[in-house]
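Student: Take this sequence and fold it.
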Amino acid sequence: RRSSDQIGRASCRERVYAFNAMSEQLSARIADLQDQRTQVESQQHRLETVLGAMVEGVMAIDADQRIVLANQAAIRLLDLRPNVGVGRLLWEAIRQPQLQQLVQETLTTDDPSHIEFEVARTQATVAASASRLPGEPCPGMVLVFHDVSELRRLERLRREFVQNVSHELKTPLAAIVAYAETLLDGGLDIDFSTFITTG
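Tutor: You can find the predicted model right below:
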C-alpha cells in the first residue's frame, strides 16, 4: 500500500502535469489569436490603403443606417467634416433627402439604385449608387459616389453649342431653301427682260 505522502506526491505531480499541459495549450491559443489579430490588422490596413487610393467615394452603412466606413474621397465629395464619425447616423452626417430615399429603397429591395444630386456648398454634381450587402436580414449596404460635375458641364456646353449652331444656320438655310424652291418652281424659265424698263 502507498503511504499518504506517496499519494500526495503523485497527486501533486498530476496537478503539475495538468497545469503544464493547460499552460502549453493556453500559450498555443494566445499565439494563434495573435496570428489572427495580425492577419486581421494586415487585411484592414490593405483595405484602408485600397479605399484611400480610390477616386470614387465609398461609404458603408449598417441596417440601422449608421456609418460603418467612409473613405477620404467620400468625405471630400460629400463636403463632410473630416471627423465624420463611424457610428453616426447617415442622415445626421448628410442632409440630402434624395440620398435618404435611395438608402431606404435599397434596404427594402434587392435592385441596385442610382441617383444624382447636387452638393449645396460646393455645387458639385454627385452620382450615387447603392447596393445591399448579402445576408438576411440585410446587414447594411455600400454607397459609391462619383463626381460627374465635369461630365454634366460638357453635356450642357454641347447642348448650348447645338442650339447656337442651329440658330445661326436657320436664317441662311431659310434663304437657300427659298432660292431652291424658286428654282424648282421654274425660276430659270422666267424672262427677266420683261422686268427691265427702258427709260
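Student: so where's the longest helix in this protein?
Tutor: In the chain, with assignment by DSSP state H, the single longest helix is helix 4-53.
Student: Was I right to think R66 contacts A93?
Tutor: No: if you go by C-beta atoms under 8 Å, R66 and A93 don't touch, sitting 9.8 Å apart. In short, each C-beta sits where N, CA and C put it, glycine included.
Student: Quick one: the strands in this structure, in order.
Tutor: For the chain, the strands defined by DSSP state E occupy 57-62, 67-70, 113-118, 125-132, 140-147.
Student: So which elements touch the second one?
Tutor: For strand 67-70, the elements it packs on are strand 57-62, judged by 3 or more C-beta pairs under 8 Å, 6 or more residues apart in numbering; DSSP states H and E.
Student: from the chain's centre, how far out does the strand it packs on sit?
Tutor: Averaging C-alpha positions (C-alpha atoms, centre = their mean, to the nearest Å) puts strand 57-62 8 Å from its chain's average.
Student: what are the pairing partners of that strand, and which direction each?
Tutor: Strand pairing for strand 57-62, using DSSP bridges, gives strand 67-70 (antiparallel), strand 140-147 (antiparallel).
Student: Check what pLDDT the most centrally placed residue in the chain gets.
Tutor: When C-alpha atoms, centre = their mean is applied to the chain, the residue found nearest the centroid is V144 (0.8 Å). pLDDT for V144: 92.
Student: contacting residues around it?
Tutor: Applying C-beta atoms under 8 Å, 6 or more residues apart in numbering to V144 gives the contacts E56, G57, V58, A128, S129, A130, S131.
Student: between the residues you listed, which is closest to T108?
Tutor: For the contacts of V144, the closest approach to T108 (C-beta to C-beta) belongs to A130, at 11.5 Å.
Student: picking up where we left off before, now for the longest helix of the chain, which elements pack on it?
Tutor: The helices and strands touching helix 4-53, judged by 3+ C-beta pairs under 8 Å, 6+ apart, number zero.
Student: Buried ones in stretch 138-155, by neighbour count?
Tutor: Residues G140, M141, V142, L143, V144, F145, H146, D147, S149 are the ones in stretch 138-155 that count as buried (16 or more other C-beta atoms under 10 Å).
Student: swap in stretch 62-72?
Tutor: Applying 16+ other C-beta under 10 Å to stretch 62-72 flags Q65, R66, I67, A70, N71 as buried.
Student: wait, doesn't the third one sit right on I75?
Tutor: Spelled out, that is I67. No: look at I67 against I75 with C-beta under 8 Å: they stay out of range, at 10.5 Å.
Student: Okay then, goodbye and thanks.
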